[in-house]
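K.L.:
Sequence first, then the predicted structure, then my questions.
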Amino acid sequence: MEFLSNYGLFLAKSITVVVAILFVVAGLVSISSRQKREQEGHIEVEPLNEKYEDMAASIQSQVLSPEELKALAKTEKKKEKQEKKQAKKSKGADDERKKRVYVLNFDGDIKASEVDNLREEVTAVLTMAEKQDEVVLRLESPGGMVHTYGLAASQLQRIVKKEIPLTVCVDAVAASGGYMMACIGTKILAAPFAILGSIGVLAQLPNFHKLLKKHDVDYELFTAGEYKRTVTMFGQNTDKGREKFTEELEETHVLFKQFVSDHRPQVNISDVATGETWYGTRALENHLIDDIQTSDEYLFEQSKACDLYEVKFAHKKNWQEKVGLAAEYGVSRAMAKLLTHLQLGRYF
């Protein structure tokens, strides 16, 4: 009997240990999978109406007297009551709701590095946005690589194809690839001294052939295909290679001009596709934009009658980035920023 009792106790302890181990393992697996999902990133949404209301409340609390604050609170309460009553009537009539404005941000470098975030943000917005709503893109970019900015512009086209109004706001610069994105907008707004245009194509390539030759260094390049490599940094470039490379640039320019014409038919493309840039007021005269207005002014006005939501795709840094790979990422970003600043330098 004592043997059975001890055996039962031993069996219960063993089962308890096994269950505990399984519980810990399951917990670790769950945490690991959750961390993996978090590391991939997630969408964050901030109601901007509340932000404006908090700003107003902060100012009012410092500026107004207690009596004025009390009177204001009474007025706001009455106004809120009337709005609720009106909303109830409208709902009963045709089930209307407030227009929603989804705000996105794109701060472009030469590689259009934020295009991956933009893809996720546009997808998220399209799960909710309807034709009665609006998307506002706050865009800043001096341009950069054709293929990455072409992809960014394609993401914006997804919004327009769904017949959802897209307003592009430029407070500082939208040039070259930046304007390629901007011209997708249903409406383009810009600050008075924002820089727009640069509808042209640029390629710069240093050549070290003479330096290598001076130090008796041979450089050999092997290709298959007549135009696999037209110009090179280390070999001796030929007139034929330069001519072909220029042809490719011209072809890209033709595609760029056609792209702008398709989305901004009111623009006289032969006048503006010279690679020049214009400040906001001059850009308006050339029909590159639709109005002079900052993003702050436009969004604040919209907040009086619409519900505003800022949508961001946020990345969760993994431990590799924190320990070692962050250095590589930092160098890459620093180089991209340096090239962007060099690109911007011509505007100052």
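P.N.:
Yep, that arrived.

K.L.:
Is V173 bridged to anything, and to what?
P.N.:
Under DSSP bridges, the beta-bridge partners of V173 are I195.

K.L.:
let me redo that: K187
P.N.:
Judged by DSSP bridges, the bridge partners of K187 are T167.

K.L.:
dump the residue contacts of it.
P.N.:
Counting by C-beta atoms under 8 Å, 6 or more residues apart in numbering, K187 makes contact with P165, L166, T167, V168, D290, D291. Where C-beta positions appear, they are placed from N, C-alpha and C, glycine not excepted.

K.L.:
roughly how far is stretch 48-57 from the heart of the chain?
P.N.:
For stretch 48-57, the distance from its own C-alpha centre to the chain's C-alpha centre is 24 Å (C-alpha atoms, centre = their mean, to the nearest Å).

K.L.:
If you count neighbours, what's buried in it?
P.N.:
Buried residues in stretch 48-57, counted by 16 or more other C-beta atoms under 10 Å: L48, N49.

K.L.:
What mean pLDDT does that stretch get?
P.N.:
Averaging pLDDT along stretch 48-57 yields 87.

K.L.:
Can I get it in CSV? Just the C-alpha atoms.
P.N.:
Output in CSV follows, covering the C-alpha atoms of stretch 48-57 (Å, rounded to 0.1, in the frame of the first residue of the first chain):
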residue,chain,number,x,y,z
LEU,A,48,-5.3,64.0,-35.5
ASN,A,49,-8.5,65.7,-34.4
GLU,A,50,-7.6,64.8,-30.8
LYS,A,51,-4.1,66.3,-31.3
TYR,A,52,-5.6,69.6,-32.5
GLU,A,53,-8.1,69.6,-29.6
ASP,A,54,-5.3,69.0,-27.1
MET,A,55,-3.3,71.8,-28.5
ALA,A,56,-6.3,74.2,-28.3
ALA,A,57,-7.0,73.1,-24.7
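
K.L.:
quick check, nearest of the contacts of K187 to F106?
P.N.:
V168 (9.3 Å; C-beta to C-beta).

K.L.:
State the phi and psi torsions of the closest residue to that closest one other than its chain neighbours.
P.N.:
Spatial nearest neighbour of V168, chain neighbours left out: G185 (3.5 Å); criterion: C-beta to C-beta, 6 or more residues apart in numbering. Per-residue torsions, G185: phi -60, psi 140 (degrees, to the nearest 10).

K.L.:
and if you look at I292?
P.N.:
phi -100, psi 110.

K.L.:
Make sure it is actually in contact with L196.
P.N.:
No. I292 is beyond contact range of L196, at 11.4 Å (criterion: C-beta atoms under 8 Å).

K.L.:
Between those two, which contacts overlap?
P.N.:
Common contact partners of I292 and L196 (C-beta under 8 Å, 6+ apart): A190, G280.

K.L.:
Please say which of the two ends up with more neighbours.
P.N.:
Set side by side, I292 and L196 show more neighbours around L196, with 26 against 16, by other C-beta atoms under 10 Å.

K.L.:
quick one, strands of the chain?
P.N.:
Along the chain, counting by DSSP state E, strands occupy 42-47, 100-107, 134-140, 166-170, 173-175, 187-190, 195-197, 277-279, 291-292, 307-314.

K.L.:
if I look at A56, how far off is Y309?
P.N.:
Look at A56 and Y309: by C-beta to C-beta, to the nearest Å, they are 19 Å apart.

K.L.:
same question, L249
P.N.:
41 Å.

K.L.:
Name the residue in the two with the higher neighbour count.
P.N.:
Neighbour count, other C-beta under 10 Å: between L249 and Y309, Y309 has more, with 18 against 13.

K.L.:
you'd agree the more buried one is up against V101?
P.N.:
Yes. At 7.2 Å, Y309 counts as touching V101 under the criterion of C-beta under 8 Å.

K.L.:
Quick one: residues contacting K213.
P.N.:
K213 makes contact with no residue, according to C-beta under 8 Å, 6+ apart.

K.L.:
Recalculate using a threshold of 10 Å.
P.N.:
K213 is in contact with Y219, Q236, counting by C-beta atoms under 10 Å, 6 or more residues apart in numbering.

K.L.:
wait, I159 sits on K131?
P.N.:
No. Using C-beta atoms under 10 Å, I159 is not in contact with K131; the gap is 11.1 Å.

K.L.:
Pull up the overlap in contacts between these two.
P.N.:
Contact criterion C-beta under 10 Å, 6+ apart; residues shared by I159 and K131: P165.

K.L.:
With neighbour numbers in mind, choose between the two.
P.N.:
Taking neighbours as other C-beta under 10 Å, I159 and K131 compare with I159 leading, 23 against 9.

K.L.:
K79 and A73: what is the separation?
P.N.:
Per C-beta to C-beta, K79 is found 11 Å from A73.

K.L.:
any chance of the strands of the chain in TSV, with distance to D116 too?
P.N.:
Shown next, in TSV, are these (distance: least, C-beta to C-beta, whole Å):
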stretch	distance to D116
strand 42-47	13
strand 100-107	11
strand 134-140	16
strand 166-170	20
strand 173-175	20
strand 187-190	24
strand 195-197	25
strand 277-279	27
strand 291-292	31
strand 307-314	8
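
K.L.:
Grab the most central residue of the protein for me.
P.N.:
Centroid check for the chain by C-alpha atoms, centre = their mean gives F106 as the closest residue, at 3.1 Å.

K.L.:
what about the closest residue in space to that residue that isn't next to it in sequence, neighbour count?
P.N.:
Spatial nearest neighbour of F106, excluding adjacent residues (C-beta to C-beta, 6+ apart): L139 at 5.1 Å. Here the number of neighbours of L139 (other C-beta under 10 Å) works out to 28.
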